[in-house]
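*Asks:* return a 3D structure for these sequence lines:
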Amino acid sequence: MISDEKFVNTIKLIALKNAIEFDNKIKLDVVISKTFSYSKFLATPNGNLKDYIPDIKTIVSELEPLSLENKKTLYSELLSKENDYMRENDKYGKDRDRSQTHVTNHENSDASRESKSKENILDFQLPDLSDAVKGNVVTRFPPEPNGYPHIGHAKAAIIDEEYAKKYDGKLILRYDDTNPLKEKVEYYDAIKDGLDWLGVKPQIIKNTSDDIEKLYEYARKLIQKNFAYVCTCAPEVIKRNRINSIACNCVSNSVEKNLQHFNEMVNGNYVGDRSNDTGSATSSTAILRYRGNISSLNTAMRDPTLFRIIKDGDHPRTGSKYSLWPTYDFAAPVEDSLDGVTHAMRTKEYELRNELYYAILDNLDLPKPRLIEFSRLEFEGIPVSKRKITPLIEKGIIQRWDDPRLPTLMGLKRRGILPEAIRKFVMSLSITLSETKPSIEILESFNRKLIDPISPRLFFVKKPIRICIDSLGVETVEIKNHPTVDMGKRRVAVENIIYISNDDAIRIKTGDTLRLMDLCNIEILSNDALKNDSIGGDSNECVIHAINKGNEVSHKIPKIQWVSDKDMIEYTILKPLPLYTGESYNENNLVIDKGYAESYVSNLPLGTQFQFVRYGFCKVDDKSTAIFTHR
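*Replies:* Below you'll find the predicted structure:
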């Protein structure tokens with residue numbers, strides 16, 4: 001059995017989270033694949049991970065009999081332990097609620113040593129590139145400007161840049177803008193803005209559309225060598241023929257005829273086969289196809305389209321100047337070669353098209369880059385597919401592309417994810433063909449390390465419950481803005497009426513003693529919240545009565561946050577949840593928590609990141625609203 005406690009706890013967390021999300025059922029295959037994904041940056045046992053599959057099965061079998069409620073409790077406890085949530089500073093003590101605590105004592109020597117150990121784990125290195133020469137490596141990031149960049153684009157761009165930096169080479173940003181129907185100027189700008197935010201700095205920026213005349217010339221060379229032909233068959237006929245490995249009649253056209261037709265396509269006045277003397281325009285059906293192998297087992301080689309006519313819309317850069325546009329299959333290899341790219345990285349969905357990529361370059365006698373594939377990146381429940389995201393925008397279900405529920409870079413930025421965290425996360429995944437979808441909690445763990453020391457600690461109470469205390473003996477109290485980092489202090493006005501969260505109120509009983517953090521200890525005399533847990537702070541009546549029991553700090557007394565009646569504002573927190581459960585749209589993808597917060601939060605500038613104690617990290621969205629980042 002695995003002896004490494006941290007690794008065992010990681011397996012348990014994965015399994016318990018899976019059970020919580022899927023009606024108390026643990027999917028063993030999901031647990032195994034996620035464990036393998038996590039193992040890249042967590043402390044793992046020695047040896048081949050596959051050797052530990054029996055141990056993973058044993059752990060899952062031990063967890064399966066637990067009730068859903070017990071699984072949730074155990075998950076909270078392990079998560080708290082895993083992230084050092086139970087470490088307390090002298091001010092807050094060591095006995096905070098396990099499922100909600102988020103204050104870390106970085107002065108603790110053990111924690112400090114563990115923190116340094118974890119930082120070493122974050123020094124990820126990409127595997128070496130084959131045939132890479134220092135100073136000569138050229139990579140490229142070729143996004144199509146047909147939408148807003150997302151986490152998948154971030155992975156590709158960061159890997160491209162990191163390899164360029166590793167070999168003192170250069171990175172090219174090349175907009176793959178060959179489809180006027182889908183591309184907009186705003187998308188070019190959004191991609192560049194996203195890369196700027198990520199800190200990705202290309203040495204060269206260009207557009208495929210800049211080279212359209214060159215691409216025409218290389219298409220003519222391909223035709224002259226009889227490696228391409230003009231096809232005028234109807235789209236449905238082409239599709240049917242490719243499925244059935246049937247060559248169409250167009251394949252027998254002479255080189256001269258294909259050149260003539262192609263030039264007419266370039267000029268925008270293609271009128272079909274003049275020998276038929278029909279005179280009818282057929283520009284919508286004329287395409288240039290590669291002469292591959294119509295019977296190939298690799299369907300990408302069954303005479304794919306290289307150029308097609310698009311007249312329905314102006315191009316955002318070239319307007320109506322051109323109407324004949326290359327497909328990615330032609331533009332990518334030729335552009336890569338002309339740009340001097342040495343290592344072209346792309347997602348594994350193009351793997352079957354590698355044969356075509358190299359065939360075109362061989363036919364044109366052009367230098368061939370080395371192709372490297374890696375898996376797409378998207379989070380479980382948060383797809384990057386435009387097929388799933390765009391309809392949500394178009395139907396108004398989600399209003400903006402920077403919605404924190406989206407995996408767009410704008411959405412992640414608004415949510416409070418730092419670009420440094422994304423880079424560390426991407427580097428931890430490295431180059432892999434595995435289709436495993438990492439949990440967003442992995443990204444959050446990197447982000448937490450970065451924002452923890454820069455986030456002031458404040459108080460917020462959800463569904464506030466009113467408490468009357470006999471006397472506090474003070475009119476103000478001074479509270480440190482961060483337990484271990486010098487961020488100054490704030491002075492909070494207080495009186496005998498304060499508010500606590502409904503979640504805390506319904507758990508305490510008459511006679512209980514608890515500590516109001518940085519204020520005092522109180523003993524509960526009566527608690528009507530137990531009778532009606534829907535009572536909120538809008539009532540002017542006290543739901544709980546208590547007496548002041550002094551200010552002695554004891555690790556045995558439970559501690560909770562509070563908000564003063566004299567220093568509170570109404571506050572809203574938007575908590576994004578996964579957009580999808582499997583293939584089904586999750587209707588409950590946004591939680592809106594309302595309550596009272598300290599007035600101090602209203603003075604924070606927009607975009608400021610902070611932590612509501614025992615709730616989680618947040619980012620100021622407006623004067624009375626914050627976006628929940630993560631725990």
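
*Asks:* distance of the nearest residue to Pro316 once chain neighbours are set aside from Arg631?
*Replies:* Nearest non-adjacent residue to Pro316, counting by C-beta to C-beta, 6 or more residues apart in numbering: Val185, 4.7 Å away. Glycine gets a C-beta too; all of them are placed from N, C-alpha and C. The span separating Val185 from Arg631 equals 39 Å under the rule C-beta to C-beta, to the nearest Å.

*Asks:* what about those two, which has more around it?
*Replies:* The neighbour comparison of Val185 against Arg631 (other C-beta atoms under 10 Å) goes to Arg631, with 20 against 10.

*Asks:* let me know the pLDDT of the spatially closest residue to that one that is not a sequence neighbour.
*Replies:* Closest residue to Arg631 apart from its sequence neighbours, by C-beta to C-beta, 6+ apart: Gly616 at 4.5 Å. The model reports Gly616 with a pLDDT of 97.

*Asks:* can you give me the strands for the stretch 1-150 of the chain?
*Replies:* 138-141 (DSSP state E, counting those that start in this stretch).

*Asks:* pass me the low-pLDDT residue ranges in it, would you?
*Replies:* 1-4, 33, 36-51, 80-123 (pLDDT under 70).

*Asks:* switch the cut-off to 50
*Replies:* By pLDDT under 50, the low-scoring segments of the stretch 1-150 of the chain are 40-45, 83-122.

*Asks:* now swap in the stretch 201-350 of the chain and tell me
*Replies:* For the stretch 201-350 of the chain, the ranges with pLDDT under 50 are 272-284.

*Asks:* how about the strands in it?
*Replies:* Assigned by DSSP E, counting those that start in this stretch, the stretch 201-350 of the chain shows strands spanning 204-207, 228-231, 287-290, 305-309, 324-326, 343-347.

*Asks:* out of those, nearest to Arg240?
*Replies:* strand 228-231 (13.3 Å; C-beta to C-beta).

*Asks:* just the C-alpha atoms of that closest one, please, in PDB.
*Replies:* Taking Å, rounded to 0.1, in the frame of the first residue of the first chain, the C-alpha atoms of strand 228-231 are listed here in PDB:
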ATOM      1  CA  ALA A 228      -3.500  19.800 -57.100                       C
ATOM      2  CA  TYR A 229      -6.600  20.200 -59.300                       C
ATOM      3  CA  VAL A 230      -9.700  22.400 -59.500                       C
ATOM      4  CA  CYS A 231     -12.900  20.600 -58.500                       C
END
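
*Asks:* got the contact list for Leu68?
*Replies:* Contacts for Leu68 (C-beta atoms under 8 Å, 6 or more residues apart in numbering) come out as 19-20, 23-24.

*Asks:* that one and Ala247, how far apart?
*Replies:* For Leu68, the distance to Ala247 - C-beta to C-beta - is 59 Å.

*Asks:* what do you get for Phe141?
*Replies:* Taking C-beta to C-beta, one finds Phe141 at 37 Å from Ala247.

*Asks:* ok, these two, which is more surrounded?
*Replies:* Phe141 (24 against 15).

*Asks:* can you tell me the closest non-neighbouring residue to Asn588?
*Replies:* Leu577 (6.7 Å).

*Asks:* and for Lys17?
*Replies:* Tyr75 (6.4 Å).

*Asks:* okay, and for the stretch 501-631 of the chain, where does confidence drop off?
*Replies:* 533-535, 537.

*Asks:* chain neighbours aside, what residue packs nearest to Ala234?
*Replies:* Thr285 (5.9 Å).

*Asks:* show me what contacts that neighbour?
*Replies:* Here Thr285 is in contact with 232-235 (C-beta under 8 Å, 6+ apart).

*Asks:* ditto for Leu198
*Replies:* Leu198 touches 154, 157-158, 409, 419, 422-423, counting by C-beta under 8 Å, 6+ apart.

*Asks:* closest to Gly340 out of those?
*Replies:* Nearest to Gly340 among these, counting by C-beta to C-beta, is Ala157 at 18.8 Å.

*Asks:* isn't that closest one right next to Leu195, touching?
*Replies:* Yes: the pair Ala157 / Leu195 is scored as a contact, 6.0 Å apart, by C-beta atoms under 8 Å.

*Asks:* shared neighbours of the two, anything?
*Replies:* Here Ala157 and Leu195 share the contacting residues Phe141, scored by C-beta under 8 Å, 6+ apart.
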